[in-house]
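S.K.: My questions are about this predicted structure, shown below with the sequence.
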Amino acid sequence: MFDHIVFGTSDYEASKTFFLKALKPIGIEVVSEGPLGIELSSDGKSSLFIRRVEETPAHLHLAFVAQNREQVDDFYRASLEAGAKDNGAPGIRPEYSGTYYAAFVIGPDGHNIEVVCHEA
């Protein structure tokens, strides 16, 4: 269902401490940490990314897994028809990987909604 979830926090250290402690019992650990925030996962396939932000309300990014690129294209078209705003047409995102095919829209509440296919 989910590929990854990204949400922003204006109190990064408090959120980092909370999620590391709260999610440890269910096997969720740090995958990476950098200047933008921290990525957590239990399986290396889906992840939670806690991002440093100063915006209010904080940024929310939901990424759903598609089985193929056609589903990504269909999501994008259907979302725009349903009233979403374009935030990135379907295509390869080489900054993530050579097979990261995704589309992004802004939903009715201003959240970034993505559908991604990792298959070539």
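M.R.: Now that the structure is in, tell me what you want to look at.

S.K.: shaky segments in the chain?
M.R.: Applying pLDDT under 70 to the chain flags the ranges 57.

S.K.: any idea how far the residue lying farthest from the centre of the chain lies from residue 42?
M.R.: Relative to the centre of the chain, the most outlying C-alpha is that of residue 25, 23.0 Å out, by CA atoms, centre = their mean. The gap separating residue 25 from residue 42 is 11 Å, by CB to CB, to the nearest Å. C-beta: built from backbone N, CA, C; applies to glycine.

S.K.: Same question for residue 51.
M.R.: 19 Å.

S.K.: and those two? which has more neighbours close in?
M.R.: Applying other CB atoms under 10 Å to residue 51 and residue 42 shows that residue 51 carries more neighbours, namely 18 against 14.

S.K.: In what element of secondary structure is that one found?
M.R.: Taking DSSP states H and E as the definition, residue 51 sits inside strand 47-52.

S.K.: could you dump that strand to PDB, C-alpha only?
M.R.: C-alpha atoms of strand 47-52 as PDB (Å, rounded to 0.1, in the frame of the first residue of the first chain):
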ATOM      1  CA  SER A  47       9.800   4.000   5.100                       C
ATOM      2  CA  LEU A  48       8.800   6.900   7.300                       C
ATOM      3  CA  PHE A  49      10.800  10.100   6.700                       C
ATOM      4  CA  ILE A  50      10.700  12.800   9.400                       C
ATOM      5  CA  ARG A  51      11.600  16.100   7.800                       C
ATOM      6  CA  ARG A  52      12.800  19.400   9.300                       C
END
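
S.K.: Great, nothing more from me.
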